[in-house]
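1. What follows is a protein structure lacking sequence information:
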């Protein structure tokens, strides 16, 4: 089955620690995205990538970093500079940045602070 | 300012009843509007897309409407089922710009037996 896989489902971060969230898709989509979801707020865009080896900051990129070395993979690193990292993180992909086709979402990673 | 507002924030209905969720937007220039369903602990899944020329579109028990003049959309759920319990998110796409998706905060629907 084609889809997006996020791992791990749950993640805990210690003070001063960087953690990496995995996102893999086998839909052959060019565009990939990372969102943060907090209670009572809409999804907020962290980073997006239109194509391999290219990515752009979204609305709340501070304290996060990404890479796009392969078409199917778009990992997100939450650095120690992100002071409020507790949230539900969603990865998504779409055929293209400007396509009217829907985004396909993974089932998220819930990150908490120890 | 490009915004998407949804109401109500939460809703509880009895199984078998109908309900309507609202989405108002100020996103411009408008391209399309999409409704997503998000089960607890899962990622959103697309239900339907509304373009400028469409007024009504159905997907099973879900019917979406769009009034592009007043910049309002609604999602009507008929004969609700327990499995309809979820958050419903309205997403509006702007015609221009790379960062062109605007998300509402969602309506949390709970269907009780």
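-> Happy to help now that I have it. Keep in mind the model is a prediction, meaning the values are calculated, not measured.

2. which SS class is residue B:83?
-> helix (DSSP: H, G, I helix; E, B strand; the rest coil).

3. so which helix or strand takes in the nearest residue to it once chain neighbours are set aside?
-> Once flanking residues are discounted, residue B:83 sits nearest to residue B:111: 8.0 Å by Cβ to Cβ, 6 or more residues apart in numbering or on different chains. Heads up, the C-betas are built off the backbone N, CA and C, glycines and all. If you go by DSSP states H and E, residue B:111 is part of strand B:107-112.

4. Tell me, how many residues neighbour residue B:110?
-> 13 (other Cβ atoms under 10 Å in any protein chain shown).

5. Would you agree it is in contact with residue B:10?
-> Yes - contact criterion Cβ atoms under 8 Å: residue B:110 and residue B:10 qualify, at 7.3 Å.

6. ok and the residue in chain A nearest chain B?
-> residue A:105 (3.0 Å; Cβ to the nearest Cβ).

7. ok, that residue touching residue A:92?
-> Yes - counting by Cβ under 8 Å, residue A:92 is a contact partner of residue A:105 at 4.7 Å.

8. Name the residue in these two with the higher neighbour count.
-> residue A:92 (26 against 23).

9. what sits against residue B:67?
-> Shown in contact with residue B:67 (Cβ atoms under 8 Å, 6 or more residues apart in numbering or on different chains): B:55, B:73.

10. Against residue A:4, how distant is it?
-> For residue B:67, the distance to residue A:4 equals 33 Å [Cβ to Cβ, to the nearest Å].

11. can you check residue B:103 too?
-> Taking Cβ to Cβ, one finds residue B:103 at 18 Å from residue A:4.

12. Ok, residue A:113 next?
-> In terms of Cβ to Cβ, residue A:113 sits 25 Å off from residue A:4.

13. Give me the more crowded residue out of those two.
-> residue A:4 (23 against 12).

14. I'd say the more buried one and residue A:103 touch.
-> No - counting by Cβ under 8 Å, residue A:4 does not reach residue A:103; the two are 9.5 Å apart.

15. shared neighbours of these two, anything?
-> Common neighbours of residue A:4 and residue A:103 (Cβ under 8 Å, 6+ apart) are A:92-93.

16. Look up which residues are beta-bridged to residue B:75.
-> residue B:21, residue B:64 (DSSP bridges).

17. got a list of what it touches?
-> B:20-21, B:23, B:35, B:47, B:62-64, B:88, B:90.

18. Please convert the buried members of the residues you listed into ChimeraX selection syntax.
-> Buried residues among the contacts of residue B:75 (16 or more other Cβ atoms under 10 Å in any protein chain shown), as a ChimeraX selection:
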select /B:21,23,35,47,62,63,64,88,90
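
19. and the closest residue to residue A:93 other than its chain neighbours, how many neighbours?
-> Using Cβ to Cβ, 6+ apart and skipping residues adjacent in sequence, the residue nearest residue A:93 is residue A:29, 3.9 Å away. Residue A:29: 21 surrounding residues under other Cβ under 10 Å.

20. do the same with residue A:61
-> Residues near residue A:61, counting by other Cβ under 10 Å: 16.

21. just residue B:94 next, same as before
-> Residue B:94: 17 neighbours (other Cβ under 10 Å).
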